[in-house]
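*Asks:* With the sequence up front, the predicted model follows.
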Amino acid sequence: MAEPSPVRVLIADDQEMVREGFAVLLASQPGIEIAGTAADGVEALARVAELRPDVVLMDVRMPEMDGLEATAQIVASTSDTKVLILTTYDLDEYVYQALCAGASGFLLKDASARQLAEGVRVVAAGDSLLSPSSTRRLITEFTRLAGTGAGGGIGTGNGGGAGPLPPARSGIPELTERETAVLALIAQGLSNTEIGDHLFVTESTVKTHVSKVLVKLGLRDRTQAAIYAYEHGVVVIGGRD
């Protein structure tokens, strides 16, 4: 059986030491190949068009063109390249904007080589990379600034964090009850395996449900699904102080 093609990665960051460091870390991981690097958003766009990498590790704050605009342009193009945002803090005020622009998730810059490699593989496979706590913060901020109110269901409290949140009472007409449950769990950052454990179904069944949810709602990936779920009140975050 032929070996699967390596995941080709472009690293976009305005700090040379960061670019070189990530390149060394990722190049040491099996199944990952460094396609190239870029020092700003403009160069990242040119390199994506030239090299067609599978994944771009994208810094947010860069000269010439920042990572937000570069991400939006990459996603809007015909390229199949996925974008994984790099940030110094998990509360980076710009991260949620990047996700809304089409990024597939984000990683902290202090991630280990294993975490980096796993994140790249997850995104390259068409999945999203969001932790439950980060998802809640990002979606809360998104809906606050967008003025949607997320169906009136999102508060700004800590929302707990022990176990899955309950689905909202109102469902999504396009989805079955099980698909709505899957959407609610996606919105909390659960993996397919975790969703399967929660619903007592196999991972392959979860993948089928996820695919149907994305197709029925016209969504690109799990990140968009998470935003959709909070905007439409599929899940709510309690407003506890």
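*Replies:* Perfect, I can see it now. Numbering: from 1, shown residues only.
*Asks:* Look at L57 and give its secondary structure.
*Replies:* The three-state label given to L57 by DSSP: H, G, I helix; E, B strand; the rest coil is strand.
*Asks:* again, but for D14
*Replies:* Classified using three-state DSSP, D14 is coil.
*Asks:* Assign a three-state SS to the residue nearest to it when sequence neighbours are not counted, would you?
*Replies:* Nearest non-adjacent residue to D14, counting by CB to CB, 6 or more residues apart in numbering: M62, 4.5 Å away. C-beta here means a position set from N, CA and C on the backbone, and glycine is covered the same way. Three-state call for M62 (three-state DSSP): coil.
*Asks:* Do a quick rundown of the strands in this structure.
*Replies:* 7-12, 32-38, 55-59, 82-87, 106-108 (DSSP state E).
*Asks:* would you turn these into TSV with mean neighbour count and distance to E177?
*Replies:* Below are the strands of the chain laid out as TSV (neighbours: other CB atoms under 10 Å; distance: least, CB to CB, whole Å):
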stretch	mean neighbour count	distance to E177
strand 7-12	24	36
strand 32-38	19	40
strand 55-59	28	35
strand 82-87	25	31
strand 106-108	21	31
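*Asks:* can you redo these as CSV with distance to V18 and mean pLDDT?
*Replies:* As requested, the strands of the chain are exported to CSV (distance: least, CB to CB, whole Å; pLDDT from 0 to 100):
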stretch, distance to V18, mean pLDDT
strand 7-12, 8, 95
strand 32-38, 10, 95
strand 55-59, 7, 93
strand 82-87, 8, 87
strand 106-108, 12, 80
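*Asks:* export these to JSON lines and tack on distance to I195?
*Replies:* Converted to JSON lines, those look like this (distance: least, CB to CB, whole Å):
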{"stretch": "strand 7-12", "distance to I195": "24"}
{"stretch": "strand 32-38", "distance to I195": "26"}
{"stretch": "strand 55-59", "distance to I195": "23"}
{"stretch": "strand 82-87", "distance to I195": "21"}
{"stretch": "strand 106-108", "distance to I195": "21"}
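*Asks:* Thank you kindly, that will do.
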